[in-house]
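Participant: Generate coordinates for the sequence data below:
(one chain, ligands or ions: 1)
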Amino acid sequence: MPSTLFILNGPNLNLLGTREPEIYGTTTLAEIEAACAGKAHEHGLAVEFRQTNHEGTLVDWLHEAHAADAKAVIINAAAYTHTSVALLDAAKAITPPVIEVHLSDPQTREDFRHVSYIGEGAVACFKGKGLPSYLDAIDAAAAL
Ligand code: CA2
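Facilitator: Predicted coordinates for the structure are as follows:
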């Protein structure tokens, strides 16, 4: 059985490629999923790629990654990055390492995006490169 990477995506990322292309580009979430699957398979890893608009569902999926003994969790928590102590607590509670990922670079945007709660429970962060942020995170997860 190959080990599995959980790649979790938070609110509004289902809209990628349809709105705000000047910030998030024109790549759709389906295209990101396909590219991530290809990169993970190069490393001999399986992928669980998911998106939800609900904070508690992300918490449940972090727990599921722990129960499944996932190799790592790569998470773009989207707006919950900047608000969710629940996601931070879950990231700290689970055994698989958590890697934070962002399409944009929140540090160069509005002040309220400069805080990352989940970042306090993550082993690394890849940001500001669009789709390649995800691919760099997969390379880092494979090397763990
Ligand atoms: O840059 C990232 O990946 C973010 O996690 C994206 C979040 C934002 O709240 C974070 O600060 C940085 C927003 C995702 C919203 O995605 C949309 C996609 C298309 C159109 C509108 C929103």
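Participant: Ramachandran angles for the residue most central in space within the chain?
Facilitator: Against the mean C-alpha coordinate of the chain, by C-alpha atoms, centre = their mean, the closest residue is residue 75 at 1.9 Å. According to degrees, to the nearest 10, the main-chain angles of residue 75 amount to phi -130, psi 130.
Participant: Surely it and residue 8 touch.
Facilitator: Yes - if you go by C-beta atoms under 8 Å, residue 75 and residue 8 touch, sitting 4.5 Å apart. The C-beta positions use only the backbone N, C-alpha and C, and glycine is treated the same way.
Participant: re the thing from before, give me the beta-bridge partners of the residue nearest to the centre of the chain?
Facilitator: residue 8, residue 100 (DSSP bridges).
Participant: ok, now which ones touch it?
Facilitator: Residue 75 is in contact with 7-10, 58, 62, 87, 91, 98-101, 118, 122, counting by C-beta atoms under 8 Å, 6 or more residues apart in numbering.
Participant: okay, and the common contacts of residue 75 and residue 8?
Facilitator: Common neighbours of residue 75 and residue 8 (C-beta under 8 Å, 6+ apart) are 58, 62.
Participant: ok, back up a step: mind checking how far the residue nearest to the centre of the chain is from the ligand?
Facilitator: Applying C-beta to the nearest ligand atom, to the nearest Å, the value for residue 75 to the ligand is 10 Å.
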